[in-house]
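Novice: Here is my input; please provide its structure:
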Amino acid sequence: MIFSFRKWVGRFKFMLVFVVFSYALYHMLLALTQWIEPTQRYKEPTGRAVKVFQNHVIMTDQGPMSERLKLFYWIGE
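Specialist: Residues are numbered from 1 along each chain as shown. Coordinates of the predicted model:
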């Protein structure tokens, strides 16, 4: 069996370049994702905007039917 050193060096160079470019592409995509993503998606709106969903209303099944009906008409749940 003949061992070709040049072939192995060529394969090693190819793998090295492939790994370096894959690493660079991965980090470029991470930077692009961070640049595109909006900041603070759930922050309180400013200006005349109103935040519709409020998480502070908690209703149990043991409440009176009138309260549950008011809640249904109020937020539709």
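
Novice: where do the helices sit along this structure?
Specialist: Assigned by DSSP state H, the chain shows helices spanning 5-36, 65-75.

Novice: want to try JSON lines for the ones you listed, with distance to residue 42 as columns?
Specialist: (Each C-beta comes from the backbone N, C-alpha and C, glycine too.) Formatted as JSON lines, the helices of the chain follow (distance: least, Cβ to Cβ, whole Å):
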{"stretch": "helix 5-36", "distance to residue 42": "18"}
{"stretch": "helix 65-75", "distance to residue 42": "18"}
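
Novice: least reliable of those going by mean pLDDT?
Specialist: Here the lowest mean pLDDT among the helices of the chain goes to helix 65-75, at a mean of 80.

Novice: Mind listing what's buried along that one?
Specialist: Within helix 65-75, no residue counts as buried by 16 or more other Cβ atoms under 10 Å.

Novice: go on, stretch 23-43?
Specialist: So for stretch 23-43, nothing qualifies as buried (16+ other Cβ under 10 Å).

Novice: Can you show me the CA trace of it as CSV?
Specialist: Taking C-alpha atoms only, stretch 23-43 is exported to CSV below (Å, rounded to 0.1, in the frame of the first residue of the first chain):
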residue,chain,number,x,y,z
TYR,A,23,-17.4,28.7,11.7
ALA,A,24,-17.3,32.2,10.0
LEU,A,25,-20.7,31.6,8.4
TYR,A,26,-22.2,30.5,11.7
HIS,A,27,-21.1,33.7,13.4
MET,A,28,-22.2,35.9,10.6
LEU,A,29,-25.7,34.4,10.8
LEU,A,30,-25.7,34.9,14.5
ALA,A,31,-24.8,38.6,14.0
LEU,A,32,-27.5,38.9,11.4
THR,A,33,-30.1,37.3,13.6
GLN,A,34,-29.3,39.7,16.5
TRP,A,35,-29.4,42.7,14.1
ILE,A,36,-32.8,41.7,12.7
GLU,A,37,-34.5,40.7,15.9
PRO,A,38,-36.6,43.5,17.5
THR,A,39,-35.6,44.7,20.9
GLN,A,40,-37.8,44.1,23.9
ARG,A,41,-40.8,42.5,22.2
TYR,A,42,-43.0,42.7,25.3
LYS,A,43,-42.2,46.2,26.6
